[in-house]
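Chemist: Give me the fold of what follows.
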Amino acid sequence: ALRQVLGTHVEQRGSNITPERLRFDFSHNAKLSAAELRQVQDLVNAQIALDIPVVWQEMSVDAAKAEGAIGLFEERYGDRVKVYTIDGFSKEICGGPHVTHTGELGHFRIAKEQAVGAGVRRIRAMLA
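Modeler: Model prediction:
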């Protein structure tokens with residue numbers, strides 16, 4: 001959703017995710033406007049409402065990249081990675097675990113957005 005709203009320059013820089021909340025760091029040089037935050041929330045909540053299956057496959061890092069998966073921490077996962085796909089929306093390398101359908105997530109709300117370093121922003125969000 002961040003890449004759709006802000007542009008393809010956005011890349012993950014770090015994260016911490018629990019079943020109730022998330023912290024997500026990403027590359028971007030400017031504070032997000034209220035309209036941009038609302039757009040991100042709306043995009044995420046639209047995918048949740050569609051109750052799309054979340055499918056994963058284990059594959060080599062090279063195969064994941066060839067399939068267009070986004071992932072910046074490949075070295076953390078070794079030669080084999082899990083690629084999670086939300087059809088038509090997202091394909092990412094991740095350590096998981098994940099839900100089986102987006103509808104399991106509940107309502108997504110961004111609670112805070114802030115700078116954490118030069119060219120790095122952070123969002124904190126909750127699921128209810």
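
Chemist: buried stuff in the longest helix seen in the chain?
Modeler: In the chain, assigned by DSSP state H, the helix with the most residues is helix 34-49. Neighbour-count burial for helix 34-49 flags 36-37, 39-41, 43-45, 47-48 (criterion: 16 or more other CB atoms under 10 Å). Every C-beta, even on glycine, is put in place using the N, C-alpha and C of the backbone.

Chemist: cool, stretch 119-128 as well?
Modeler: 121-123, 125, 127.

Chemist: Any chance of JSON lines for those, columns secondary structure and pLDDT?
Modeler: Output for the buried residues of stretch 119-128, formatted as JSON lines (DSSP: H, G, I helix; E, B strand; the rest coil; pLDDT from 0 to 100):
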{"residue": "R121", "secondary structure": "strand", "pLDDT": "98"}
{"residue": "R122", "secondary structure": "strand", "pLDDT": "98"}
{"residue": "I123", "secondary structure": "strand", "pLDDT": "98"}
{"residue": "A125", "secondary structure": "strand", "pLDDT": "97"}
{"residue": "L127", "secondary structure": "strand", "pLDDT": "92"}
